[in-house]
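Undergrad: I need the structure of the sequence given here:
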Amino acid sequence: MVPIATVMRRILTGHAVRFNRRHKRHGYLFQNRYKSILCKEDTYLLELVRYIHLNPLRAKLVDNLNQLDKYPFSGHRVIMGNKEQSWQECDEILRYFAKRKGVAKRKYREFVDKGIDDSHRDDLTGGGLIRSMGGWQAVKELKESKIHMKSDERILGDSDFVSEVLSKAEESIKEKYNLKAAGVDVGFIAKRVAAIMEIPEEDVWREGKYKDLVRARSLLCYWAVRELGESMTSMALRLNISTVAVGKSVARGAEIVKTEKLKLIS
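TA: Numbers count the residues shown, from 1 in each chain. The predicted structure is shown next:
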């Protein structure tokens with residue numbers, strides 16, 4: 001699959017270009033670039049959902065919660081059942097409130113309503129340390145007590161969660177570095193795939209929908225993207241396919257590797 005950051009960049013750039021042409025203007029349309037945050041579930045997730053869905057109300061695009069229930073440019077109305085979006089996950093959010101969907105929607109709406117009086121939430125938009133500890137005052141008290149908490153602005157969660165995520169990320173970076181230091185590149189992976197499948201190396205790069213070609217391409221893309229750190233754009237150019245096709249190949253490759261317990265380096 002194409003990374004969400006790539007999708008958002010294409011959407012926002014395309015919209016900005018059309019908007020500027022239509023209104024005969026120049027320059028940036030959006031104040032800040034798109035960014036994604038890894039979020040710990042439960043309390044942090046629900047707070048973040050509520051904060052985001054109340055943005056139209058804070059921006060005075062709607063006057064009250066009733067209007068927000070039907071506002072077309074927010075995921076809130078989808079959760080409330082006033083619009084269907086096949087790509088939006090609603091059940092997962094509603095399960096936090098109740099098993100029965102009707103009851104869950106009512107409790108979710110009450111939860112959103114309680115957040116209307118909250119203004120700008122620095123704990124949900126600032127650095128990870130502030131989010132984790134509940135504001136600057138809590139951070140100040142911790143520093144005065146000489147207690148240090150792990151934080152990162154890309155991660156929304158408590159200190160242990162942040163530490164775990166960063167530890168896994170660091171481990172992944174080390175693995176990629178070790179592979180490259182050992183001389184592993186895309187060419188090495190192609191040779192490995194050919195050896196596993198007992199096919200000529202050139203077949204690994206060949207276009208087509210034959211089962212063996214799809215399988216070879218899937219393993220190549222998975223190991224190159226997930227383990228070596230190659231970009232999907234780079235692999236798309238190498239294989240003369242789209243980045244979407246590369247994403248699907250990576251997903252298939254992950255399943256093949258897991259099911260058959262294959263390893264890049266035996």
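
Undergrad: Next, count neighbours for Met80.
TA: Residues lying near Met80 (other C-beta atoms under 10 Å) number 21. Every C-beta, even on glycine, is put in place using the N, C-alpha and C of the backbone.

Undergrad: And for it, nearest residue in space, chain neighbours not counted?
TA: Asp69 (5.2 Å; C-beta to C-beta, 6 or more residues apart in numbering).

Undergrad: so what pLDDT did the one you found get?
TA: Here the pLDDT value assigned to Asp69 is 95.

Undergrad: from what I can see it touches Lys83, true?
TA: No. Using C-beta atoms under 8 Å, Asp69 makes no contact with Lys83, being 10.0 Å away.

Undergrad: for the protein, what spans make up the strands?
TA: Here the chain has its strands, by DSSP state E, at 38-39, 155-156.

Undergrad: Any idea how many residues pack against His15?
TA: If we define neighbours as other C-beta under 10 Å, then His15 has 12 of them.

Undergrad: Let me fix that, I meant to ask about Glu202.
TA: Residues near Glu202, counting by other C-beta under 10 Å: 9.

Undergrad: tell me the contacts of it?
TA: Contacts for Glu202 (C-beta atoms under 8 Å, 6 or more residues apart in numbering) come out as none.

Undergrad: Distance of it relative to Glu230?
TA: 19 Å (C-beta to C-beta, to the nearest Å).

Undergrad: Repeat that for Arg22.
TA: Arg22 sits 38 Å away from Glu230, going by C-beta to C-beta.

Undergrad: who has more neighbours, the two?
TA: Counted by other C-beta under 10 Å, Arg22 and Glu230 do not tie: Glu230 has more neighbours, with 20 against 8.

Undergrad: Chain neighbours aside, what residue packs nearest to the more buried one?
TA: Ala224 (4.3 Å).

Undergrad: Is that neighbour in contact with Arg192, as I believe?
TA: No. Counting by C-beta under 8 Å, Ala224 sits too far from Arg192 to count as a contact (10.7 Å).

Undergrad: Look at these two and report which has more neighbours.
TA: Ala224 (29 against 21).

Undergrad: residue contacts, the more buried one?
TA: Contacts for Ala224 (C-beta under 8 Å, 6+ apart) come out as 186, 189, 230, 235.

Undergrad: Thank you, goodbye.
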